[in-house]
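J.: let me see the structure of the following:
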Amino acid sequence: MKLHRLRNFNDYLAYKGRDAEALAHHWEVLQRITPSDGSEFTFNGYSYTAGKEVPFLVDFQFSGSSGKVIWRERVCCPVTGFNNRMRATFHIFDIEMEAYRDSAIYISEQVTPIYSYFARNYLNVSGSEFLGAEVPFGRCNSKGIRNETLCALQFPAESFDIVISLDVLEHIPDYRKAFSECCRVLKKGGRFFWSVPFVPNSEQNIICAEMRDGKVHHNMPAQYHGDPLSRNGILCFTYFGWEMLEEMRSAGFVDAYAVAYHSLEFGYLGGVQFMFIGEK
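T.: Residues are numbered from 1 along each chain as shown. Below you'll find the model as predicted:
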């Protein structure tokens with residue numbers, strides 16, 4: 001699998017030109033194998049999390065009226081149950097993050113299969129969820145779930161070797177404060193590993209909603225994403241563009257870059273996908 005490390009919009013434009021042929025082939029294969037009747041199908045590939053070749057399960061769950069496969073959320077390993085983005089998260093983490101078995105890791109989730117994976121594979125993992133006013137920040141509820149907000153983490157400075165935030169930052173109105181807090185709790189040389197809804201053709205972030213005088217103001221129709229703690233979902237405030245990486249550098253990171261990838265062999269289907277890495 002080829003990984004492309006991109007630090008700005010111009011890097012992305014150059015990458016698009018270099019990768020155009022491979023990406024066109026990627027989509028040709030998907031068009032050829034995807035049933036027109038919306039039925040479930042399989043795609044053979046190597047599952048990184050299972051450690052062997054498997055028939056990945058693909059269906060049209062979450063497609064709504066579009067009738068299209070939501071590739072990022074499907075392509076599930078029949079052995080581990082992990083979908084496309086989960087498997088890629090663990091794979092790219094192992095390549096990029098230089099984690100040791102005893103690395104101090106904080107991940108901004110605690111009731112998910114992703115948290116469970118990291119807790120099984122590393123000795124010093126802390127997790128949390130946003131519980132609002134249920135319990136004070138930094139404390140746990142009766143189920144042992146720790147309450148934290150990325151805008152005011154209750155950890156001392158330089159507590160962690162690695163901080164992980166997956167599809168969380170888009171739900172935080174003051175995301176720049178969250179960037180700074182993630183940097184603060186990292187040790188010097190520590191790394192931040194994150195994912196967000198990303199618009200690669202946009203140099204600027206797209207602000208969908210913002211807080212004004214304590215109230216939510218919508219700049220476009222409200223969009224809600226899945227929330228493991230609520231059936232009501234959670235409001236998306238931002239779709240990020242390339243300026244996000246410069247904002248990370250302004251928050252204290254000495255380097256910040258995107259990892260662009262896709263792979264038929266590993267079952268990372270659906271075109272170019274992105275993960276992000278910052279180094280303090």
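J.: now do the same for Ile234: helix, strand or coil?
T.: Put simply, Ile234 is strand when judged by DSSP: H, G, I helix; E, B strand; the rest coil.
J.: sorry, slip of the keys, the one I care about is Gly17.
T.: Going by three-state DSSP: Gly17 is helix.
J.: is the residue nearest the centre of the chain in a bridge, and if so with what?
T.: Central residue of the chain (CA atoms, centre = their mean): Ser195, 2.7 Å from the mean position. Beta bridges link Ser195 to Leu166, judged by DSSP bridges.
J.: next up, the contacts around it.
T.: Going by CB atoms under 8 Å, 6 or more residues apart in numbering, Ser195 touches 85, 89, 165-167, 274-276. Quick note: C-beta positions are derived from backbone N, CA and C, even for glycine.
J.: and which of those is nearest Arg139?
T.: Ser165 (20.4 Å; CB to CB).
J.: the lengthiest strand in the chain: partners in the sheet, and parallel or antiparallel?
T.: In the chain, ranked by residue count with DSSP state E as the criterion, the top strand is strand 268-279. The pairing partners recorded for strand 268-279 under DSSP bridges are strand 186-195 (antiparallel), strand 255-263 (antiparallel).
J.: next, format those strands as a markdown table and append distance to Ala119.
T.: Formatted as a markdown table, the strands paired with strand 268-279 follow (distance: least, CB to CB, whole Å):
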| stretch | distance to Ala119 |
| --- | --- |
| strand 186-195 | 16 |
| strand 255-263 | 24 |
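J.: in the longest strand of the chain, which residues are buried?
T.: Buried residues in strand 268-279, counted by 16 or more other CB atoms under 10 Å: 268-270, 272-279.
J.: what about that strand, distance to the chain center?
T.: Going by CA atoms, centre = their mean, to the nearest Å, the spacing between the C-alpha centre of strand 268-279 and its chain's C-alpha centre is 8 Å.
J.: now that strand: mean pLDDT?
T.: Per-residue pLDDT over strand 268-279 has a mean of 97.
J.: for stretch 79-93, same thing?
T.: 97.
J.: other residues contacting that stretch?
T.: So stretch 79-93 is contacted by 1, 3, 47-50, 52, 54, 71-77, 99, 113-114, 117, 164, 166, 193, 195, 259, 261, 266-270, 273, 275 (CB under 8 Å, 6+ apart).
J.: 7 Å instead, please
T.: Stretch 79-93 is contacted from outside by 47-50, 54, 71-77, 113-114, 117, 166, 193, 259, 261, 266-270, 273, 275, using CB atoms under 7 Å, 6 or more residues apart in numbering.
J.: give the buried residues for it.
T.: Neighbour count says stretch 79-93 has 80, 82-93 buried, by 16+ other CB under 10 Å.
J.: columns secondary structure and distance to Ser142 on top of the residues you listed, output as JSON lines?
T.: As requested, the buried residues of stretch 79-93 are exported to JSON lines (DSSP: H, G, I helix; E, B strand; the rest coil; distance: CB to CB, whole Å):
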{"residue": "Thr80", "secondary structure": "coil", "distance to Ser142": "30"}
{"residue": "Phe82", "secondary structure": "coil", "distance to Ser142": "29"}
{"residue": "Asn83", "secondary structure": "coil", "distance to Ser142": "30"}
{"residue": "Asn84", "secondary structure": "helix", "distance to Ser142": "35"}
{"residue": "Arg85", "secondary structure": "helix", "distance to Ser142": "31"}
{"residue": "Met86", "secondary structure": "helix", "distance to Ser142": "28"}
{"residue": "Arg87", "secondary structure": "helix", "distance to Ser142": "33"}
{"residue": "Ala88", "secondary structure": "helix", "distance to Ser142": "35"}
{"residue": "Thr89", "secondary structure": "helix", "distance to Ser142": "30"}
{"residue": "Phe90", "secondary structure": "helix", "distance to Ser142": "30"}
{"residue": "His91", "secondary structure": "helix", "distance to Ser142": "36"}
{"residue": "Ile92", "secondary structure": "helix", "distance to Ser142": "35"}
{"residue": "Phe93", "secondary structure": "helix", "distance to Ser142": "31"}
